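Asks: Provided below for reference: sequence and predicted model.
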Amino acid sequence: MSNQLSLTKQHITSLSPMDVASDETIGKHFVQKFKAMYRVPENQAVAFYEREKDNFMKRIEENESLQKCTPMSLFKCFMQVGGWKLSLDTGSQPDVYIIPGNRKVIVEDENGRKSEQWIQEAAVQPSPYGEKKIRIETGQIKHVGSPTVVYDCDDYTEMLGTDGRIQVQWKKGQRTEKSRITNGFILLEYPDGTREFKTFDLEDIASWERASTKKNKGKTNLLYGYEWKGSGDNAKTVKIEGGQIDRKFFEGKILKHAFKLFPRVIATQNLPEGFVPSTEDAVRQGFDTSEFTEDIEHTEVIEEAPDDFKQELQNQQSETKKEATVVIESSDPDEPEF
């Protein structure tokens, strides 16, 4: 193992969280990886890096929890987003979520004594909007319409088209504060020009809600129409009277689940083993922490030899798994891949 890789690891861990993306060495590393994966000229890779460096730093500046995360976990998030060719911009429809959290690890001191320790790390996940971008760029789908939420005052009809695909007729009604969500839909257009609507109803919402309750250990995501009751160990989430799923959250779920029978376009992004995400931060970003391990079925396809993009992502996933359960301050670690 080369000294250069060891030095790179040591260099990353010596940085402050705010300095990770702006570090000159990391910047050069990012640019070279981006050039190799996407076969673009250097000026294009540099422009992408400079833009996303500023977006990444803004995210950290605005989130005290991210400011406490380990430099290595932030480095991996930054490089992984570059590998996806997504943006770190924090608009109304962000491409990615960066979720801070805590993880219990085993550390070994210079005398060989081991002990448990909680560390603060960050994990990254593509949003449904980021996943849409990847699917369009890879040619898997031609066009994706905006997720539409239907209320009980709207005119809505589903039917089968001549090609056997679901079609929708919808007209927005006169909505009030008392209007109730009944279902949602989204238009998909395939490369051959055919079109199809994916539709989701209250039974789908109830299924996602149950998954959230189960995978968040009984604490359902508040965006399903819940609120906190009690405090400390007695705190729990309870359904608000008349509560319903948040509209923007539902839009994201519609988009995410519209692709559930499509082949994967990126490797599954699971939480590091033992990682406990910050639910508060996740909810603020509109992300359901259960989605890290949500039961979404994708068609598995046998691929030919991976290209540079896929190979780099596989390398990143492999490296993440190696470091997922034990942190030992050794002097000879591997450098994370792009």
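Replies: In hand now; what should we look at? Numbers count the residues shown, from 1 in each chain.

Asks: for the residue nearest to residue 189 when sequence neighbours are not counted, give its distance to residue 135.
Replies: Spatially, and ignoring its direct neighbours in sequence, residue 189 is nearest to residue 143 (3.9 Å; Cβ to Cβ, 6 or more residues apart in numbering). Yep, even glycine has a C-beta here, placed from its N, CA and C like the rest. Residue 143 sits 11 Å away from residue 135 when distances are taken as Cβ to Cβ, to the nearest Å.

Asks: of these two, which one has the most company?
Replies: Each of residue 143 and residue 135 had its neighbours counted (other Cβ atoms under 10 Å), and the higher figure belongs to residue 135 (20 against 13).

Asks: isn't the more buried one up against residue 256?
Replies: No - with contacts counted by Cβ atoms under 8 Å, residue 135 stays clear of residue 256, the gap being 11.6 Å.

Asks: could you tell me the model confidence score at residue 36?
Replies: Looking at residue 36, its pLDDT stands at 93.

Asks: hmm, who's touching the host helix or strand of residue 45?
Replies: Using DSSP states H and E, residue 45 falls within helix 42-61. With Cβ atoms under 8 Å, 6 or more residues apart in numbering as the test, helix 42-61 has contacts from 17-18, 20-22, 27, 30-32, 34-35, 38, 66-67, 74, 78, 81-82, 85, 87-90, 98.

Asks: swap in 7 Å and give it another go.
Replies: Residues from elsewhere that reach helix 42-61 (Cβ atoms under 7 Å, 6 or more residues apart in numbering): 17-18, 21-22, 27, 30-31, 34-35, 66-67, 78, 81-82, 87-90, 98.

Asks: does anything pack onto the host helix or strand of residue 33? Which helices or strands?
Replies: Residue 33 belongs to helix 24-38 when assigned by DSSP H and E. Counting by 3 or more Cβ pairs under 7 Å, 6 or more residues apart in numbering; DSSP states H and E, the packing neighbours recorded for helix 24-38 are helix 42-61, helix 71-84, helix 308-322.

Asks: from the centroid of the protein, which residue is nearest?
Replies: Nearest to the geometric centre of the chain sits residue 125, at 1.9 Å (Cα atoms, centre = their mean).

Asks: make sure I have this right: it is in a strand.
Replies: Yes - under DSSP: H, G, I helix; E, B strand; the rest coil, residue 125 sits within a strand.

Asks: from here on, call the first residue 22.
Replies: Okay, using 22 as the starting number, the last item reads as residue 146.

Asks: you'd agree it is up against residue 118?
Replies: Yes - counting by Cβ atoms under 7 Å, residue 118 is a contact partner of residue 146 at 4.8 Å.
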